[in-house]
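Participant: test case, fold it:
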Amino acid sequence: MPDAKRSQDLLQIIRYSIDSVSPSVILPGLLKKPTIPGVGEWLQSSERYLLTIGKASISSAEAILSNSQATGHFILAPKPSTNSSMNIHYGSHPVPDEDSLQSTAELVSWLREIPQTSHLLVVLSGGSSALLVSPITRVSLSAKQKVNELLIRSGASIHEINCVRKHLSRVKGGHLANIVPQNSTVLVISDVIGDDLSTIGSGPFYPDPTTFLEAENILRRYEIWDAVPAEIRTAIDSGESGNIPETPKPGTKTIPHTIIASNDLAREAAARKATELGYAVKTFSRPIQGLVEDVGPNLVSFLRQLMPNTAMIVGGEITVRVKGSGVGGRNQHLALIITEIIAGGDATFAAVGTDGIDGISPAAGAWTDGKTLSRAMRKGLDINLAIESFDSYNFFHTLEQTIETGPTGTNVMDLYLALT
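Facilitator: Next comes the predicted model:
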């Protein structure tokens, strides 16, 4: 099959898969046939409030409010976001800023004003951790920004990053459950491995099983304990000694949570589209994780076992230890590593973030094939330099092989697809 046809098919599969986990597709059906606990009660309540947080917040609010009215609503979204006629509160992602701090304070005030007899429907999605910011006593915003930046560049998993975040916050790790009405329900768009409810968005309404000691161990494991601001170390030490209360633990107030979209659903949709396009389908049963340098060769090893005209469909969230000053993200860096390995072969590969964002670049990801390396060489591109400087975006952008969707209004981790 011509390489051009495979790349076009890959982009079709990616678009279909992401659309399948969009709130505009999922939520209308849930409202028409409300089988999820709490949703039917919310629809029947005369006092019903809506809260949406994260990368899917605007699209979720639009999907719900176009099908049902709410007594009041609050939307907390990353900036910049798509235009909307609704009143939206903004914060920064992946590192919080003053807007995140202000919006969170306004959210807490809004939640405290909701009558305890009312019903609250929450839609929580990826990105919420950076948007919800209310540092514990004696921890400044600048200190939280610094520790966030260090963790993101360290190669720590999202479970590890959010463990630290929760122990420096007054709103994450189950704290918000204490101020919402008892008649509350949380719908979750999962962006983490294993759909761990205590990790998604740092679990603002869900009990936290992790501890201050675990937070310290994570910072030490990635050799950044001594690099974080002193006030961070002091706060964690105080938590370990009991001078700062732990996050709410399992057994405390519980708000019902239901996952409505995940990487599993996106992979299932990708498989349907690949089959429709005439490919046999091979998929990993579970999302993958790990350092990009390890994941790349493992994916290619699996890819080389495939018969012609087969689609490989994998999902997950890999990590990257950023050491260079280039422009890119984990998906484009993975595609860069795979470019070297599949050079001269007969396969097309793509890695893409379902939220439409990959690292600090304008792209969601990139695609590559067996001819990419030779095309790059003809244009004078040095793939080894691009890898060393973490400049994957400029490498693929020059070749016109970036995948640029813009913010998608959803987030269910990443997709890694290949066609033979």
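Participant: so how many other residues sit close to S125?
Facilitator: 29 (other Cβ atoms under 10 Å). Just so you know, the C-beta spots here come from the backbone N, C-alpha and C atoms, and that holds for glycine as well.
Participant: typo on my end, R165
Facilitator: By other Cβ under 10 Å, neighbour count at R165 equals 25.
Participant: can I assume it is in contact with K172?
Facilitator: Yes: R165 is in contact with K172 according to Cβ atoms under 8 Å; the separation is 5.9 Å.
Participant: which neighbours do those two have in common?
Facilitator: By Cβ atoms under 8 Å, 6 or more residues apart in numbering, R165 and K172 have these common neighbours: 129, 202.
Participant: contacting residues for L151?
Facilitator: Neighbour list for L151: 160-161, 164, 219, 222, 224 [criterion: Cβ under 8 Å, 6+ apart].
Participant: rerun that using 10 Å as the cut-off
Facilitator: L151 makes contact with 94, 157-158, 160-165, 218-219, 222, 224, 228 under the criterion Cβ atoms under 10 Å, 6 or more residues apart in numbering.
Participant: distance of it from V95?
Facilitator: Plainly put, L151 is 10 Å away from V95 if you go by Cβ to Cβ, to the nearest Å.
Participant: and if you look at F396?
Facilitator: Relative to V95, and taking Cβ to Cβ, F396 is found at 25 Å.
Participant: of these two, who's got more company?
Facilitator: Using other Cβ under 10 Å as the criterion, F396 and V95 rank with F396 on top: 27 against 15.
Participant: tell me which element that one is part of?
Facilitator: Using DSSP states H and E, F396 sits in helix 392-398.
Participant: what's the offset of that helix from the middle of its chain?
Facilitator: The chain centre lies 23 Å from the centre of helix 392-398; the measure is Cα atoms, centre = their mean, to the nearest Å.
Participant: got it, and stretch 267-286?
Facilitator: The answer for stretch 267-286 is 22 Å, by Cα atoms, centre = their mean.
Participant: which parts of that stretch are buried?
Facilitator: By neighbour count on 16 or more other Cβ atoms under 10 Å, the buried set for stretch 267-286 is 267, 269-271, 273-274, 277, 279, 282-283.
Participant: check stretch 378-394 too.
Facilitator: Buried-residue list, stretch 378-394, by 16+ other Cβ under 10 Å: 381, 383, 386-387, 389-394.
Participant: all the strands of the stretch 1-150 of the chain, residue numbers only.
Facilitator: 48-53, 72-78, 89-91, 119-124 (DSSP state E, counting those that start in this stretch).
Participant: out of the ones you listed, which is closest to K146?
Facilitator: Closest approach to K146 among the strands of the stretch 1-150 of the chain (Cβ to Cβ): strand 89-91, 17.3 Å.
Participant: touching the closest one from outside, list them.
Facilitator: 53-54, 57, 74-81, 97-104, 106-107, 110, 127-128, 130-133.
Participant: what domains does the record give for this protein?
Facilitator: 3-12+263-419, 22-134+169-211+246-261 (automatic domain parsing).
Participant: redo those domains as JSON lines? Include mean pLDDT and distance to A235.
Facilitator: Below are the domains of the chain laid out as JSON lines (pLDDT from 0 to 100; distance: least, Cβ to Cβ, whole Å):
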{"stretch": "domain 3-12+263-419", "mean pLDDT": "95", "distance to A235": "25"}
{"stretch": "domain 22-134+169-211+246-261", "mean pLDDT": "95", "distance to A235": "11"}
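Participant: got these as JSON lines, with distance to Q145 columns?
Facilitator: JSON lines is the format used below for these (distance: least, Cβ to Cβ, whole Å):
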{"stretch": "domain 3-12+263-419", "distance to Q145": "15"}
{"stretch": "domain 22-134+169-211+246-261", "distance to Q145": "5"}
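Participant: indicate which one of the ones you listed is closest to I232.
Facilitator: By Cβ to Cβ (comparing all of the domains of the chain), the closest turns out to be domain 22-134+169-211+246-261, at 12.1 Å.
Participant: what about the closest one, how long is it end to end?
Facilitator: This stretch, domain 22-134+169-211+246-261, spans 8 Å end to end (Cα to Cα, to the nearest Å).
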